[in-house]
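Colleague: Build me a model from this:
(one chain, ligands or ions: 1)
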Amino acid sequence: MKLVLLGPPGAGKGTQAKVLSEDYNIPHISTGDILREAVKAKTPVGMKAREFMDRGGLVPDEVVIEIVAGRVARPDCKKGFILDGFPRTEAQAKALDSTLAQLKCPIDLVLYFKTSVETIIQRLSGRRVCRNCAATYHIRNIPPKVTGKCDLCGGELYQRDDDKEETVRNRIKVYESTVPQVIDYYEAKGILRTVSGDMDVDEANAYLSKLFLKENIK
Ligand code: AMP
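Modeller: Numbers count the residues shown, from 1 in each chain. Okay, the predicted model is just below:
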């Protein structure tokens, strides 16, 4: 199964990607997570990416394209992978196609999580992330067992700087200006499927299981 998950921040892509990654035993590749790790580790990529991320803008195409090209070429992606948060521009989509053509493993499906603005704001304002292992929670929808602590490793939960309201609004604006071209690109290829991003985790997962069956995606 080679999937691309498209949708605005807060659409539930990361949550579904994690569930699918466990169910199908394939890597979940989130460019946002990779970039946040790079920022934390102060690598050259992280230093470059930080200013764009802090503003809620996009990191330059060449930086993310190189990250993803290297990641999908690794042996653990042979069986499949789930791309979350990439591609976000048409240039990224084209670069991904040429990388995957070389690897002879084209994308099976692109799932577009169409989501209302109210859902986005509600999800992002309540999202909390573990500082240690990056596990994601929501103060109401997916609360940790102990407030402020990660169920998996006990790490401290925090709110991402770019989940604060002003930055969220900018991220939505950036998303709306670049993603329509990506949606058109995949629609023209006939591999785009629209999924409601307003469903809760279990509903969305059940919906996707049926969709994969119907599309014969393994
Ligand atoms: P996310 O966790 O997917 O919301 O990504 C967080 C931030 O990382 C975004 O607001 C961008 O600054 C950056 N980012 C993640 N993926 C990409 C991408 N494919 N292209 C450009 N910037 C990205």
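Colleague: Could you find the residue nearest the spatial middle of this structure?
Modeller: Central residue of the chain (CA atoms, centre = their mean): Asp84, 2.7 Å from the mean position.
Colleague: How about residues contacting the lowest-mean-pLDDT helix or strand in the chain?
Modeller: Among the helical and strand segments of the chain, the one scoring lowest on mean pLDDT, DSSP states H and E is helix 117-126, with a mean of 90. The set of residues external to helix 117-126 that reach it, using CB atoms under 8 Å, 6 or more residues apart in numbering, is 8-12, 138-141, 163, 165, 168, 172, 197-198. (Each C-beta comes from the backbone N, C-alpha and C, glycine too.)
Colleague: is the ligand contacted by it?
Modeller: No: judged by CB under 6 Å from any ligand atom, helix 117-126 stays clear of the ligand, getting no closer than 9.1 Å.
Colleague: Show me which residues of that helix are buried.
Modeller: Within helix 117-126, the residues that count as buried by 16 or more other CB atoms under 10 Å are Thr119, Ile120, Arg123, Leu124, Gly126.
Colleague: any idea which of the residues you listed is the one closest to the ligand?
Modeller: Looking at the buried residues of helix 117-126 and their distance to the ligand, the nearest is Leu124, at 9.1 Å (CB to the nearest ligand atom).
Colleague: re the thing from before, would you mind marking which of the contacts of helix 117-126 are also close to the ligand?
Modeller: Answer for those near the ligand (CB under 6 Å from any ligand atom): Pro9.
Colleague: Just the buried residues of the contacts of helix 117-126.
Modeller: Looking at those with 16+ other CB under 10 Å, the buried ones turn out to be Pro8, Pro9, Gly10, Ala11, Gly12, His138, Asp163, Val168, Ile172, Gly197, Asp198.
Colleague: Many thanks, I have nothing further to ask.
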